[in-house]
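>>> the following block contains a protein sequence and its predicted model.
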Amino acid sequence: MVNGDSVKDSVLIVDTDVGFDDLFGIALLISHGVKPALITTVHGMASTKMAASSVRRLLAHCGQPTVAVVQGAERGLDGSKGGSIADQEWGADYRKQFERFMHSAAFP
C-alpha cells in the first residue's frame, strides 16, 4: 500500500485522452498536493490540441501553470486514429459537447 507522503514525493506522469473524468482526476490530484511532472495528451475523448489546451487551462486555474503539458499525435504510427472507443458515433457527439463546454468554461 502506498501512503500519501510517498505519492507526493514520487514523479508522476499522466497520459490522458482528456475527458471530463480525466480533468476531474487531475484537479483531484492537485487538490491533494500531488503535482504531476508531465501530462501528455493522446487522441481519444478530445482532439489532442483541445486536450492539451484544456489541461493547460485547468492547471492555470489550479495554480500549477508550470506543469509541462505535451500534445501527443492525433494518429497512431500506422496512420490510424488508434481505434479509440471515442471514434464510435457517440464519441463524436461527446467530443462536440466537450469542446463546447471547454470553450465556455470560466477558467483561464
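Noted; the coordinates are in hand.
>>> strands along this structure, start to end?
With strands called from DSSP state E, the chain shows them at 13-16, 38-41, 68-71.
>>> okay if I get these as TSV plus distance to I26, mean neighbour count and mean pLDDT?
For every residue, glycine as well, the C-beta is placed using N, CA and C. Converted to TSV, those look like this (distance: least, Cβ to Cβ, whole Å; neighbours: other Cβ atoms under 10 Å; pLDDT from 0 to 100):
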stretch	distance to I26	mean neighbour count	mean pLDDT
strand 13-16	7	15	93
strand 38-41	7	20	94
strand 68-71	10	15	96
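>>> quick one: pLDDT of the residue nearest to the spatial centre of the chain?
Compute the mean C-alpha point of the chain, and by Cα atoms, centre = their mean the closest residue is V18, 3.5 Å away. For V18, the pLDDT comes out at 86.
>>> what does S80 give?
On the pLDDT scale, S80 gets 65.
>>> and if you look at the one 5 residues further on?
Looking at I85, its pLDDT is 59.
>>> among the strands of the chain, which is nearest A60?
A60 sits nearest to strand 68-71 of all the strands of the chain, at 10.5 Å, using Cβ to Cβ.
>>> how far off centre is that closest one?
9 Å (Cα atoms, centre = their mean, to the nearest Å).
>>> against which helices or strands is it packed?
On a contact count with 3 or more Cβ pairs under 8 Å, 6 or more residues apart in numbering; DSSP states H and E, strand 68-71 meets strand 38-41, helix 48-61.
>>> packing partners of the last one?
Packed against helix 48-61, as judged by 3+ Cβ pairs under 8 Å, 6+ apart, are the following elements: helix 20-31, strand 38-41, strand 68-71, helix 89-104.
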